[in-house]
Structures are given as structure tokens and as C-alpha cells.
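Trainee: sequence first, then the predicted structure:
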Amino acid sequence: MRRHPRTMVFAFVTALMLATSSGAPSRAAEPVQVTYWYPVDLGGGLANLMQSLVDDFNAGHPDVHVTASYTGNYDLTFQKIQAASLAGNLPDIGAIVNDHTQVLAPAGTLEDLDGFVRKAGGKTYLARFFPSLLLNSYSGGKLYSLPFQRSVPVLYYNKDAFAKAGIAGPPATWTEFAADAQKLTARNGADVTRWGAEFPLEAYNWIYYALVYQAGGDVISSDLKHLDLDRPAAVSAMQYWWDLVNKYKVMPAYTPWPQGSQDFASEKTAMVVYSSGAQAFFRQSAKFKWGLVRMPRGDRSGVAIGGGNLVMFKKSPAQEEASWKFVSWMLEPAQQARWSARSGYIAVVRSAWNLPELKAVVAEYPEVLETVKQLDAAYYEPSAPNFTQVRDALHDTLQDILANKVALRAGLSAVNAKGNALLANRP
């Protein structure tokens, strides 16, 4: 019996489909390749911890593969991002110092995250974070970054030195801090063998900003167009620091930022205001009993929150979806608890503090919660499109004021005038 042509064609197609399905399995789609640049003064252990997080993500997400690269400190990372932008080879994701959001977003480098956050729950999603950690996440009303590795300046103090000096507990006010620092400063003739305290000076003028806030002032206006460095609060803050160096002689005129942690660990200073992210280092390095508390208050408590935020650079929709998968995973409570417990950075998601890993840390080191409490008295870290130049000018002037190379009021007024001119000439 002769078969109908249609029947023959159908049989052939069916046989072909069966052969395909019963043969070797079809090749799985290749994962989307995502590049991630991360900075911070991460050495050894923390760099390994970051890589272990990335490895765990890759193992659990076969459709995305993240390649992480350590890019130096925040400033070096910023420079590399600028160079990569000009060359057209930006990474997909970056961890940037939080105040660089206001520099990179207006330049059109970053992708705004509003759409991704809206799909993730909108206001409910953002409510997972401590509110003050989002202060530097916006530019022009849009969300461009999310907090990841955040820190606040806190006061570390040598409990053994306090006991020997007959000081019952850590200082809570500017007045108490100055008095304690005098008792703790040790001299052998004209030589200082141990400073009572140190305020390390770094590129972001972090401690000075905190002093300004504690004096009841602001550094920059809410519209990011005018500086307040010639106002009474800013002058009072600088005067307090100058007095500690030149009047009470309880701290050196200049301590580079990396030296501050080394000086405290080696007992060259009895107190140091430093990043809360240094806790892991001190636990490993300090051979004495120490504690940490919030910075002593002036007219009020106040700090500028530092540390890094995660950002996504403008890419294709598929690339951005893959990038968001990694960013959102890194901000889940489990990853935040792991990162915070092993680094000392603040877990930015509230619920992370209820997980066993962080609860164990708090049980052993109750002072960790001081870093979280200080978030309630946190303010905007000064930034604007042209603020890097303002920041650098202020840094140099602070150093000159403390070394008596420039008069205090005149120096601050000069930076204020120069800074306002730079802010007015924004791109």
C-alpha cells in the first residue's frame, strides 16, 4: 500500500525529533560574564573573604559568572573607573566610596537602580537598610548606589592604659576626651613615648566632618552648592582639634591614616578615632585589653558615615540583569552577616543582626553594637560633582592649620571660597 506524502514527511520529522532527544544532551547556555571591581584597604584575609563570597555566588548561580578584581583603595579605584570610562571598558559592577555616587552619577557613568528596586519590592526593599546608610545613594532624585561595606568613626581606647592612669571609663564628651588625653600622654623628658590620642587625617577628612557635625554645624548645604566651612561650627571644630595638638599637646599634628591603626596596636597612642571596620585588625594585632565607644560628643553627637556602596555601570539589559542578581545577593542578610562578622564593617541590612553568626560576635564583643547605635546620629558625607577637588584642598589646609603654617580662620575661609567656586562650576 502506497503511503501518502504528508504521512512520510510527518514520519521523517518525528524520527528526527526522536533522534535529537535521545542522542547527546544539548549544550547548556553559557553563563553571563560579569566583572566586579572592589576596593577598600583590603589585605590578606578580607581580600580572601571577598573572593570566597564571589565563589559561593558563582557556585549557586550557573547562569552568571562573576570575576572579581581588587583595585586598590577607594581613590585608586575611582581613578581606574575614570580611565575605563574614557576607554569604553568599564566593569559591570563596582564598590565605590559612597560619596563618589554624586560624582559618577551626574557624569552619566552609573545605571540608576530604581527599576530594579521597584521589582524587588520598592519601599519595602529599601526599608531593609538602616535609613542613614542611604543618605549618599541618590543623585538628582534617583537611586544610583546601595550600601555594602559601611563604617563609622569610633573611639578605640586602651583599657590597660586607662586603668594605670586611674581613669574609670572612656570619655563621652569633648571636655572629658581632652582631660583624659592629657593624663594618658607619656613623656620621657621632651620626648613623647605615648600619645594620649590621635586623630589620623585621611583624604576624606572624615574626623573633621564628624567634629563639625558634633559642633552643631554642616559642611555643605542641602542643595550641594555652598560650603559652610567659614561658619562658627566649622571653626569651633577646627579649634578643638588645634587645641588638642598645640595647646594640650596630647596628639601629633599629623598622623597618616594607615599609621593610626598601627600606632594604637603598638601602644604608641592610648586612644585613636578610627574606622569601625578596623575591629578585626585590632582583635588580631592588639596585645592588650581595648574597647570601642562612639565618638565623644560636642554640642551633639554626629558622624559622617563612610565606606563603600555597590553600583552598576550602564550596560546591555541582559548584562544589567545579571549584575543585579549579584548585587542583590551580596545584600542579602546571610552575606551581610558573614561579611560584617569577619571584617568589622557594619551589616547594612537590619535583619542580618538577628542571624546566629552576628549574634555570636555581639555576644563575645558587645561593643560592636556601638557602631550600629551611632547610625542614629549620622549625617550626609559631603559630596558633589566637583567635590573631590574641594576635599583635597580642605585636607591640605587642615594639615597646614594643625602645623601652624596657616592661620585657622583664614585657612578655612580660603578653602570655603575656593570650594564654592568649584561647586558653582559643576559639569
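Mentor: On my side now, so go ahead. Predicted model, so just to flag it, every value in this text is computed and none were measured.

Trainee: which residue ranges make up the domains of this structure?
Mentor: Annotated domains of the chain cover 32-151+306-371, 153-304+386-424 [automatic domain parsing].

Trainee: pLDDT on the shortest one, on average?
Mentor: Averaged across domain 32-151+306-371, pLDDT comes to 94.

Trainee: endpoints of that domain, how far apart?
Mentor: Chord length of domain 32-151+306-371, first to last residue, is 38 Å (C-alpha to C-alpha, to the nearest Å).

Trainee: what does the last one give?
Mentor: Across its full length, domain 153-304+386-424 reaches 30 Å between end residues, using C-alpha to C-alpha.

Trainee: using the three-state scheme, assign the spatially most central residue of the chain.
Mentor: Taking C-alpha atoms, centre = their mean, the centroid of the chain lies closest to residue 307, which sits 0.7 Å from it. Secondary structure, DSSP: H, G, I helix; E, B strand; the rest coil: residue 307 is strand.

Trainee: for it, give its distance to residue 279.
Mentor: 13 Å (C-beta to C-beta, to the nearest Å). Glycine gets a C-beta too; all of them are placed from N, C-alpha and C.

Trainee: go on, residue 142?
Mentor: Using C-beta to C-beta, residue 142 is found at 34 Å from residue 279.

Trainee: and for residue 52, the neighbour number?
Mentor: 12 (other C-beta atoms under 10 Å).

Trainee: and if you look at residue 178?
Mentor: Neighbours around residue 178, by other C-beta under 10 Å: 19.

Trainee: neighbours of the residue lying closest to the residue nearest to the centre of the chain once chain neighbours are set aside, how many?
Mentor: Nearest residue to residue 307, sequence neighbours excluded (C-beta to C-beta, 6 or more residues apart in numbering): residue 150, at 3.8 Å. The number of residues packed near residue 150 is 26, by other C-beta under 10 Å.

Trainee: identify the bridge partners of residue 150.
Mentor: residue 307, residue 346 (DSSP bridges).

Trainee: now do the strands in the chain.
Mentor: Here the chain has its strands, by DSSP state E, at 32-38, 64-70, 93-97, 138-139, 142-143, 146-151, 153-158, 186-188, 191-194, 271-275, 290-294, 303-304, 306-312, 378-379.

Trainee: quick one: which of residue 142 and residue 279 has more around it?
Mentor: When neighbours are counted by other C-beta under 10 Å, residue 142 and residue 279 differ, and residue 279 comes out ahead with 24 against 13.

Trainee: mind pulling up the pLDDT for the more buried one?
Mentor: Looking at residue 279, its pLDDT is 89.

Trainee: ok, residue 350 touching residue 130?
Mentor: Yes - using C-beta atoms under 8 Å, residue 350 makes contact with residue 130 at a distance of 6.5 Å.

Trainee: more neighbours, these two?
Mentor: residue 130 (18 against 14).

Trainee: pretty sure residue 142 is touching residue 116, no?
Mentor: No - counting by C-beta under 8 Å, residue 142 stays clear of residue 116, with 11.9 Å between them.

Trainee: what touches both of these two?
Mentor: Common contact partners of residue 142 and residue 116 (C-beta atoms under 8 Å, 6 or more residues apart in numbering): none.

Trainee: distance from stretch 142-157 to the middle of the chain?
Mentor: Here stretch 142-157 is found 4 Å from its chain centre; the criterion is C-alpha atoms, centre = their mean, to the nearest Å.

Trainee: buried stuff in that stretch?
Mentor: By neighbour count with 16 or more other C-beta atoms under 10 Å, stretch 142-157 contains the buried residues 143-157.

Trainee: can you check stretch 130-144 too?
Mentor: For stretch 130-144, burial by neighbour count (16+ other C-beta under 10 Å) applies to 130, 132, 133, 134, 135, 136, 137, 138, 139, 143, 144.

Trainee: contacts for that stretch, please.
Mentor: With contact meaning C-beta under 8 Å, 6+ apart, stretch 130-144 is reached by 98-99, 101-102, 104-106, 110-114, 117, 126, 145-147, 150, 305, 309, 311, 346, 348, 350, 372, 375-376, 378-381, 383.

Trainee: at 7 Å what do you get?
Mentor: 98-99, 101-102, 105-106, 110, 112-114, 117, 126, 145-147, 150, 305, 309, 311, 348, 350, 375, 378, 380-381, 383 (C-beta atoms under 7 Å, 6 or more residues apart in numbering).

Trainee: first-to-last residue distance for it?
Mentor: For stretch 130-144, the first and last residues are 17 Å from each other (C-alpha to C-alpha).

Trainee: all good on my end, thank you.
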